[in-house]
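Student: Sequence and predicted structure below; questions after.
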Amino acid sequence: PVICVHPVTGWKSAYVNPGLTRRILGVPNPKSDTVLSFLFHQVAENVGFKVRFHWEPNSIASWDSRV
């Protein structure tokens, strides 16, 4: 599914991947293609969606990819 719901918080998120997501079910293909193109571009180009972490001794990083 393109929209995922976090099992604890209930927050919704868009989960798209150009290698896996082909279309949005229930949406006509031209509109689905337009929306997915926009989302793919946001994921690739928007630095607000990226994290950089500098590892140091004793560092711990945690990521909850459910949302």
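Tutor: Great, that's in hand. Numbers count the residues shown, from 1 in each chain.

Student: can you map out the strands along the protein?
Tutor: Under the criterion DSSP state E, the chain contains strands at 3-5, 12-14.

Student: want to throw these into JSON lines with mean pLDDT, mean neighbour count and distance to Leu25?
Tutor: Quick note: C-beta positions are derived from backbone N, CA and C, even for glycine. Formatted as JSON lines, the strands of the chain follow (pLDDT from 0 to 100; neighbours: other C-beta atoms under 10 Å; distance: least, C-beta to C-beta, whole Å):
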{"stretch": "strand 3-5", "mean pLDDT": "88", "mean neighbour count": "12", "distance to Leu25": "11"}
{"stretch": "strand 12-14", "mean pLDDT": "87", "mean neighbour count": "12", "distance to Leu25": "14"}
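
Student: which residue sits closest to Val51, ignoring its sequence neighbours?
Tutor: If the residues on either side of it in the chain are set aside, Val51 comes closest to Trp63, at 8.0 Å by C-beta to C-beta, 6 or more residues apart in numbering.

Student: Ok, which of the strands of the chain comes nearest Thr34?
Tutor: strand 12-14 (14.3 Å; C-beta to C-beta).

Student: Mind giving me the packing neighbours of the closest one?
Tutor: Secondary-structure packing of strand 12-14 (3 or more C-beta pairs under 8 Å, 6 or more residues apart in numbering; DSSP states H and E): strand 3-5.

Student: From the chain's centre, how far out is the strand it packs on? Work that out for me.
Tutor: Computed by C-alpha atoms, centre = their mean, to the nearest Å, the separation of strand 3-5 from the middle of its chain amounts to 10 Å.

Student: One more: stretch 42-57?
Tutor: Using C-alpha atoms, centre = their mean, the offset of stretch 42-57 from its chain centre is 13 Å.
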